[in-house]
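S.K.: Give me coordinates for this.
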Amino acid sequence: MKLVIGDIHGCLKSLETMLKVVQPSKNDLVVTLGDYVDRGPNSKGVIDLLLEMKETHNLVHLMGNHEIQMIRALDGLKDRERFLSGLCGGQDTLDSYGGGFEDVPEQHWDFMRKAVLYHELEEHILVHAGLVADVKVEEQGWETYYYQRFHLQEPHESGKTVVCGHSIQGDLPTNLGYAICLDTCAYGGGWLSALDLDTGRIWQTNERGKSREMVLGDLPVG
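M.R.: Sure, this is the predicted structure:
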C-alpha cells in the first residue's frame, strides 16, 4: 500500500478513524500532504499521533503552508499577526497546546521544520499544493510547493500524476487524470480523504467518527 492522506488541519478524530479503518502496516508507505495544524480542534494531538507513527510506520510527512506560517510566526511580528488572525486559524492551534507559542514542545517544532517539500515515486509526485508544469520537480520555487492552487495545475513535464491537497474541493477529491487533489475540508464539517496509489481505493473519515469508501474510478475525470 502507498497511502496518501490529505490536509488534516487539527482533526485528530478524523485521523484516528482513518488509521483504524485503513490499518496501514509498518511496511506500507504512508505520506501525509501537510497542513497538520490550524482551524481544527486538536493540532497538538495530530502531531503527537504522527510522531508516534514515525516510530512504528514508514511515514513521510510533507510541508504545508500552515506549517510554514506557524514557523514564520515564531520569529516575525507581521507573520505572527497573520497567523493569529481568523484567516489562518492559528489561535486554535496554540489553544490545543495551552495558549502560547512557548507551550509548543521543541519536538513539534522539529517535526514541522523537518517536513519535506515533495515525495517522488515511479508514477506519482506527492506535494502539498502543486507544481509548475514545465519546471522539474526539484527546481520549483519553494513557495510553489505549498501555495500553488489546484485550478492552475497542468500536466507536469515528468509525465507523472501530481497528488496534492491545499485547495478545497468540496465533498469529494478531484481527479483530473494527470493530477488529484485530496483536500476535502476536514476541519469545516467535511471529510479527511486518503488514497491508496496502488489500488485506487479512497477512504474518507470525519470528526463525527463516520467513514465511507470509494475508488478513484468512481470520481468523474476533469
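
S.K.: Give me the buried positions along the worst-scoring helix or strand of the chain on mean pLDDT.
M.R.: Lowest by mean pLDDT, DSSP states H and E among the helices and strands of the chain is helix 77-83, with a mean of 86. In terms of neighbour count (16 or more other Cβ atoms under 10 Å), helix 77-83 has its buried residues at D79, R80, F83. Placement of C-beta: from N, CA and C, glycine included.

S.K.: For the first one, list the residues it contacts.
M.R.: Contacts of D79 were listed using Cβ atoms under 8 Å, 6 or more residues apart in numbering, and they are Q69, R72, A73.

S.K.: Kindly confirm my reading that the second one forms part of a helix.
M.R.: Yes: using DSSP: H, G, I helix; E, B strand; the rest coil, the secondary structure at R72 is a helix.

S.K.: Direction included, what does the host helix or strand of I125 pair against?
M.R.: I125 is part of strand 124-127 when elements are defined by DSSP states H and E. The pairing partners recorded for strand 124-127 under DSSP bridges are strand 118-120 (antiparallel), strand 161-164 (parallel).

S.K.: Rebuild these as CSV, extending it with mean pLDDT.
M.R.: As requested, those are arranged in CSV below (pLDDT from 0 to 100):
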stretch, mean pLDDT
strand 118-120, 98
strand 161-164, 98
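
S.K.: mind putting those strands in a markdown table, mean neighbour count and distance to L29 included?
M.R.: Formatted as a markdown table, the strands paired with strand 124-127 follow (neighbours: other Cβ atoms under 10 Å; distance: least, Cβ to Cβ, whole Å):
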| stretch | mean neighbour count | distance to L29 |
| --- | --- | --- |
| strand 118-120 | 18 | 9 |
| strand 161-164 | 25 | 12 |
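
S.K.: Which among the ones you listed is found nearest to M18?
M.R.: strand 161-164 (16.2 Å; Cβ to Cβ).

S.K.: Return the distance of the closest one from the chain's centre.
M.R.: 12 Å (Cα atoms, centre = their mean, to the nearest Å).

S.K.: what's the following helix or strand after it?
M.R.: Per DSSP H and E, the first helix or strand lying C-terminal to strand 161-164 is strand 174-175.

S.K.: longest helix anywhere in this protein?
M.R.: helix 43-56 (DSSP state H).
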